[in-house]
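Asks: any chance you can model this:
(one chain, ligands or ions: 2)
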Amino acid sequence: MASLSIRGVRKVYPNGAEVLKGIDLDIADGEFLILVGGSGCGKSTLLNMIAGLETVSAGQIAIGGKVVNDVPPKSRDIAMVFQSYALYPTMTVRENISFGLGIRKVPKNEQKKIVERVADTLQMTHLLDRKPAMLSGGQRQRVAMGRAIARDPALFLFDEPLSNLDAKLRVEMRAEIKLLHQRLGSTIVYVTHDQIEAMTLGDKIAVMKDGVVQQFGTPQQIYDRPDNLFVASFIGSPSMNFLRGRIDAGGFALEHGGATTVLPLPPELAALARGADVILGIRPEHITDADSARAGARAGAYQPTTVDCVVQMIEPTGPDTLVFTVVNGVRITCRTHPRAAAVAGQPLTLAFDLSKAVLFDPATEQRIA
Ligand SMILES: Nc1ncnc2c1ncn2[C@@H]1O[C@H](COP(=O)(O)OP(=O)(O)OP(=O)(O)O)[C@@H](O)[C@H]1O
Ligand SMILES: [Mg+2]
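Replies: Ligands and ions are numbered 1, 2, ... in the order given. Predicted coordinates for the structure are as follows:
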């Protein structure tokens with residue numbers, strides 16, 4: 001197990017494209033780091049540089065306190081799991097898992113013990129004598145993971161390992177990976193563009209865009225206090241709502257239905273942005289039906305402000321019903337209780353709780369407060 005430190009790392013490909021523009025990230029021994037961001041933002045490039053499969057154009061990468069810029073991949077003590085599992089088709093699961101051990105001249109009886117322990121950990125003892133063609137996608141992915149675990153590396157690198165699996169299997173494997181991390185205490189860097197995987201798996205998340213880390217923090221920090229509009233809109237499902245308006249009379253002046261409603265803000269937020277034009281960010285769970293809001297208020301949580309809207313569309317998810325409506329010309333998403341019985345085309349009174357709202361500067365798109 002090892003810590004990982006990335007300092008001022010840049011990548012310029014031979015064609016002159018600068019795809020990483022100075023990356024700084026630090027994770028402690030045993031931490032689970034998620035690299036998340038849209039397609040082409042440089043996640044795999046960074047992972048490949050940690051693995052030693054790509055050269056570092058500038059900056060330093062250290063594993064366990066040792067700079068590895070010039071250390072060849074096989075000497076870095078890492079194991080990598082890719083999106084395509086790349087199992088050897090002619091070998092059994094057992095042979096696939098022990099292949100790397102054979103190369104490293106681990107004695108045969110020791111190999112057997114390791115394979116059995118790994119198979120037990122991943123609950124695939126019954127699959128050991130099958131060939132990859134006789135396995136489901138999820139089972140193959142588990143074998144690829146087993147091959148990585150068998151090596152007992154200082155650092156695990158995963159590049160979108162679940163993206164080939166169907167939705168149900170993804171959720172199951174996500175939980176397995178998390179349990180595995182809890183059990184092994186391994187240091188992991190995990191690339192995904194799935195923000196739910198990012199939120200649920202990571203101890204730390206680095207949200208990337210265009211070769212720049214937009215924010216690095218715990219999932220809760222990133223969810224509650226996104227540094228800028230990009231991070232705010234990228235993390236969270238359904239996405240955060242954004243409304244333009246002005247800070248006035250201690251609140252956010254919302255233009256809606258030909259009138260202005262002042263939604264009270266916590267005093268420290270209102271004071272910070274007094275008189276300013278802002279973008280208000282509010283998550284769907286903080287806009288709800290009036291009854292649910294009253295129930296919350298009774299528990300002493302907050303005093304919501306109600307706004308009358310017309311329901312455009314609903315999405316019942318089971319525990320909640322998502323309500324889509326238009327406020328001040330913008331489509332917004334709200335999380336209501338099913339008993340509020342929202343109906344498309346009908347009016348609904350929505351309660352806005354701004355105690356967890358965030359404000360962004362419309363020009364810089366950075367969070368003000
Ligand atoms: N060998 C290369 N030469 C030049 N440009 C490259 C090379 N490999 C990748 N790129 C470019 O670098 C950028 C980052 O690519 P990378 O594969 O790291 O993105 P990613 O974040 O992993 O995306 P995805 O989510 O689609 O896998 C892209 O614009 C890509 O086109
Ligand atoms: Mg990639």
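Asks: just the buried residues of stretch 185-202, please?
Replies: Residues 186-195, 197-199, 201-202 are the ones in stretch 185-202 that count as buried (16 or more other CB atoms under 10 Å). For every residue, glycine as well, the C-beta is placed using N, CA and C.
Asks: stretch 220-240 now?
Replies: For stretch 220-240, burial by neighbour count (16+ other CB under 10 Å) applies to 222-223, 226-232, 234-236, 238, 240.
Asks: sec struct for the residue positioned nearest the centre of the chain, please.
Replies: By CA atoms, centre = their mean, the chain has its centre lying nearest to Ala198, at 1.9 Å. Using DSSP: H, G, I helix; E, B strand; the rest coil, the structure places Ala198 in helix.
Asks: residues touching it, list them.
Replies: Going by CB atoms under 8 Å, 6 or more residues apart in numbering, Ala198 touches 34, 36, 192, 205, 207, 219, 235.
Asks: try 7 Å
Replies: Residues counted as contacts of Ala198 (CB atoms under 7 Å, 6 or more residues apart in numbering) are 34, 36, 192, 205, 235.
Asks: surely Thr192 meets Gly38?
Replies: No - using CB atoms under 7 Å, Thr192 is not in contact with Gly38; the gap is 11.4 Å.
Asks: out of everything not next to it in sequence, what's closest to Gly30?
Replies: The shortest distance from Gly30 to any non-neighbouring residue, by CB to CB, 6 or more residues apart in numbering, is to Gly185 (4.7 Å).
Asks: which stretch of helix or strand covers Leu162?
Replies: In this structure, Leu162 is located outside every helix and strand according to DSSP states H and E.
Asks: show me what the helix or strand containing Asp120 is in contact with.
Replies: Secondary structure assigned from DSSP H and E places Asp120 in helix 108-121. Applying CB under 7 Å, 6+ apart, the contact partners of helix 108-121 are 94, 97-98, 101-102, 125, 128, 146, 149-150.
Asks: now the angle from the helix or strand that contains Gln141 to helix 108-121?
Replies: Applying DSSP H and E as the criterion places Gln141 in helix 137-150. Between helix 137-150 and helix 108-121, the angle comes out at 130 degrees (axes from the mean of the first three to the mean of the last three CA atoms, to 10 degrees).
Asks: strand partners of the next helix or strand after helix 137-150, parallel vs antiparallel please.
Replies: As assigned by DSSP H and E, the chain's next helix or strand after helix 137-150 is strand 155-159. As defined by DSSP bridges, the strand partners of strand 155-159 come to strand 78-81 (parallel), strand 188-192 (parallel).
Asks: find the nearest non-adjacent residue to the closest residue to ligand 1 within the stretch 251-369 of the chain, please.
Replies: When scored by CB to the nearest ligand atom, the stretch 251-369 of the chain has Glu365 as its residue closest to ligand 1, at 20.9 Å. Nearest residue to Glu365, sequence neighbours excluded (CB to CB, 6+ apart): Leu229, at 4.2 Å.
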